[in-house]
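Asker: Give the three-dimensional model of this entry:
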Amino acid sequence: QVQLVESGGGLVQAGGSLRLSCAGSGRTFSTYIMGWFRQAPEKQRELVAVITSGRVTHYEDSVKGRFTVSRDNAKNAVFLEMNSLKPEDTAVYYCAARMGTGRFDYTPSYDYWGQGTQVTVSS
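Answerer: Take a look at the predicted model:
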């Protein structure tokens, strides 16, 4: 069982930065694939970034070069550094955990989800 708690969201102007954190529980945290997703109003939840247990990373095209995902297994934590934020990045951001193989963007494959943190980027 893994419990996830996000923090670090807020209101920021376009061009600004935020750093999201996801604190996890469980002795096997380091073995999980960790994903960051976001969901804007009236839109489907979409993958933003993924980091595997081996620290291989994958990013959605619109955030490449602006967002960086990292993890600190000693602290059971995953981070999402977001730079050059745009109004279209406004959404609730969720972290999620899964094991196994398959498409990173397949949301039903993730077993554990946090409650989400709101990110609002003003123009």
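Asker: Other residues contacting stretch 9-21?
Answerer: Stretch 9-21 is contacted by residues 6-8, 36, 77-87, 92-93, 95, 117-123 when judged by CB atoms under 8 Å, 6 or more residues apart in numbering. The way it works is simple: take the backbone N, C-alpha and C, and place the C-beta from them, glycine included.
Asker: And that stretch, what's buried?
Answerer: 9, 12, 18, 20-21 (16 or more other CB atoms under 10 Å).
Asker: quick revisit: counting neighbours, which of the contacts of stretch 9-21 end up buried?
Answerer: 6, 8, 36, 77-80, 82, 85, 92-93, 95, 117, 119, 121.
Asker: Which members of the residues you listed occur in strands, if any?
Answerer: Taking DSSP state E, the ones among those that sit in strands are 6, 36, 77-80, 82, 92-93, 95, 117, 119, 121.
Asker: Spatially, which two of those residues are the most separated?
Answerer: A77 and V121 (23.6 Å; CB to CB).
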